[in-house]
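when you get a sec, could you give me coordinates for this:
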Amino acid sequence: MSARIPSFRIALAAATLALLNACASAPQPLQGTFLGVTPEQAVVGQQIGASVRWGGRIVQTLPGPDSTCFQVVATPLNATGRPDSNLADSAQGRFVACRAGFYDPEVFAPGREVTFVGRVQDTDSVRIGEYDYRLPRIAADVVYLWPVINEIRVVSDPWGPWGPWGPW
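Here you go, the predicted structure:
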């Protein structure tokens, strides 16, 4: 009987681990093997042709006649491929991602979280304020707009409406 308990525990632990991994995996369009290079590193290292998965917060969405380009402030991605809002202050530079078709700037609005899968093409020179900035540009195969998370904080009063003195 005792021989069955350890094997049951092992099976239970394996099932729990598999369930947790399923919860933390990236959505199907964002799965794959990617070069672990940041946009900052791509500008310096000239990673032309590298397959990357980058994400962050949209700065600007510019629809053109055949494609839409997004300027994004890159942030580290979590296990699901979503920009990690806990690491929003640890930006990894900016990048431009372009994808064929029309993407509405009202939907893909500044501040929205987005993840792209694509290949590094080149760099673009842009002006941010008085600074000339080189941004890596990727040809995006996937544009994944994340749903907005509305956090609700519930604060309960441990004493109730009467305070610590009670209703008397």
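
downstream of the helix or strand of the chain with the lowest mean pLDDT, the next helix or strand is which one?
Least confident helix or strand, the chain: helix 4-23 with a mean of 53, by mean pLDDT, DSSP states H and E. Per DSSP states H and E, helix 4-23 leads on to helix 39-45 as the next helix or strand towards the C-terminus.

for whichever helix or strand comes after that following helix, buried residues please.
Downstream of helix 39-45, the first helix or strand assigned by DSSP H and E is strand 51-63. Neighbour counts over strand 51-63 (16 or more other Cβ atoms under 10 Å) mark 52, 53, 54, 55, 56, 57, 58, 61 as buried. Any C-beta I mention is one placed from the backbone N, CA and C, and that applies to glycine too.

angle of whichever helix or strand comes after strand 51-63 against strand 51-63?
Scanning forward in sequence from strand 51-63 by DSSP H and E, the next helix or strand is strand 67-74. If you take axes from the mean of the first three to the mean of the last three Cα atoms, to 10 degrees, strand 67-74 sits at 120 degrees to strand 51-63.

list the buried residues of strand 67-74.
By neighbour count on 16+ other Cβ under 10 Å, the buried set for strand 67-74 is 68, 69, 70, 71, 72, 73, 74.

of those residues, closest to residue 91?
Of all the buried residues of strand 67-74, residue 73 has the smallest distance to residue 91: 5.3 Å, by Cβ to Cβ.

my guess is that closest one contacts residue 54. True?
No. Judged on Cβ atoms under 8 Å, residue 73 makes no contact with residue 54 at a distance of 10.7 Å.

any low-confidence regions in this structure?
1-24, 87-88, 157, 160-161, 166-168 (pLDDT under 70).

again, only this time at 80
Applying pLDDT under 80 to the chain flags the ranges 1-24, 26-27, 29, 45-46, 85-91, 150-168.

adding distance to residue 93, write the buried residues of strand 51-63 out as TSV.
Below are the buried residues of strand 51-63 laid out as TSV (distance: Cβ to Cβ, whole Å):
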residue	distance to residue 93
52	13
53	15
54	10
55	13
56	9
57	13
58	15
61	18
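
ok, so of those, who is nearest residue 119?
The closest of those to residue 119 turns out to be residue 52 (Cβ to Cβ; 7.2 Å).

for that closest one, list each beta-bridge partner.
Residues in a beta bridge with residue 52, per DSSP bridges, are residue 118.

please consider this matter closed, and thank you.
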